[in-house]
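1. Make a model of this:
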Amino acid sequence: MSSELTNVFAAKMLPQRELFSPGHRACQGCAPALVMRYMLKALGPDTIICNSTGCMEIISSSYPESAWGVPWIHVAFENSAAVASGVEAGLKALMRKGKIPQRRITVLAQAGDGGSLDIGLQAISGALERGHDMIYLCYDNEAYMNTGIQRSSGTPFGASTTTSPAGARSFGQSTWKKSLAEIAVAHHIPYVATASVSYPFDFMEKLKKADAVRGPALVHVFAPCPTGWRCPSELAIRLGRLAVQTAAFPLYEVVNGKYRITQNVPHLKPLRVYLESQGRFRHLTDDLIDELQQGLRERYAALVAKAEASQE
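-> Coordinates of the predicted model:
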């Protein structure tokens, strides 16, 4: 069966119920909002979400309205993983004491790249190290978009933001994107994956795998932001695919320490085709683009080597 037919069949098998309601306040073309929709299609109604302050909190919960069809807790910017740890421990205690029936309830903590890779990293590390049975989801739009497009440690090398502006003395972000997935792998947890909103069935399958393990799991999902990236809203999904096809954001999973690339790209596209429609990269010279492409390809080659070694 072709991949197109497989996707059509998979789409027809998805639950029709929408647990993330339309009518929220997201920008046009908001990929993180699609992440929320796909996430709940995969996990279902028996899910409790602990949501850090950020875009997905702001657009979905303006009092007295809510876009959430599951129990949802708004927590501080830095501590969704800590709160989810407490929720998971509390559910275990209530079930052990017979206060609530024994059943599977998924506990998920989530934040954007700023709330995950920067100010929430300590809480995430603690939750993973303690072994809580929960999922951590980072929706990554590569900057603090909710508060004015400030750079995060998920912002890619060379991108211009309001706090890493391109100009006469700067080419934009001067550091390389932090790998949350590799940090999670170092905690020796059962399941880690990268995903993209532009590959929805791959993303939802990874969430189901994360939910199936007993112990902590982490999914780092790529979610373009047309507003912050200064690109047309209709290009969000195309840019998500190009990020994978150019090695800007490879898709893979790590199951009990074993690596597997889930969207193999034997012939990478030139990075320029990904950068050219984004205003945040329009200042880059050919030399800087070559440097960025070389660095990404070296990282992709290292990932491929890990996946090959895992098959031995």
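
2. For the rest of this, base every contact and every neighbour count on C-alpha atoms.
-> Fine.

3. His74 is in what secondary structure piece?
-> His74 is part of strand 72-75 when elements are defined by DSSP states H and E.

4. Check which element follows that strand along the chain.
-> helix 80-96.

5. From the contact counts, what lies against that following helix?
-> Other elements packing on helix 80-96 under the criterion 3 or more CA pairs under 8 Å, 6 or more residues apart in numbering; DSSP states H and E are strand 47-52, strand 106-112, helix 121-130.

6. quick one: which helix or strand includes the most centrally placed residue in the chain?
-> Nearest to the mean C-alpha position of the chain, by CA atoms, centre = their mean, lies Val221 at 2.1 Å. According to DSSP H and E, Val221 maps onto strand 217-222.

7. need the helices for the protein, in chain order.
-> 3-13, 31-43, 55-58, 80-96, 113, 121-130, 180-185, 200-212, 226-229, 236-245, 272-275, 286-310 (DSSP state H).

8. quick revisit: okay, the helices and strands packed on helix 80-96, which one's buried deepest?
-> Across the helices and strands packed on helix 80-96, the average number of neighbours (mean count of other CA atoms under 10 Å) peaks for strand 106-112, which reaches a mean of 26.

9. Report the strands that pair with that one, each with its relative direction.
-> Using DSSP bridges, the strands paired with strand 106-112 are strand 47-52 (parallel), strand 135-140 (parallel).

10. Just the mean pLDDT for it, thanks.
-> Strand 106-112 comes out with an average pLDDT of 98.

11. hmm, who's touching it?
-> 43, 46-55, 77, 80-81, 83-84, 87-88, 133-141, 144, 211 (CA atoms under 8 Å, 6 or more residues apart in numbering).

12. The residue nearest to the centre of the chain contacts Val197, doesn't it?
-> Yes. Judged on CA atoms under 8 Å, Val221 makes contact with Val197 at a distance of 6.8 Å.

13. Quick check: neighbours shared by the two?
-> By CA under 8 Å, 6+ apart, Val221 and Val197 have these common neighbours: Val35, Phe203.

14. Nearest to Ile261, out of the helices of the chain?
-> With CA to CA as the criterion, Ile261 lies closest to helix 286-310 of these, at 6.6 Å.

15. Does anything pack onto the closest one? Which helices or strands?
-> Partner elements for helix 286-310 (3+ CA pairs under 8 Å, 6+ apart): strand 258-261.

16. Tell me which other helices or strands the strand it packs on touches.
-> Counting contacts by 3+ CA pairs under 8 Å, 6+ apart, strand 258-261 packs against strand 252-255, helix 286-310.

17. Need the winner for burial among these.
-> Sorting the helices and strands packed on strand 258-261 by mean neighbours (by mean count of other CA under 10 Å), the first place falls to strand 252-255, with a mean of 22.
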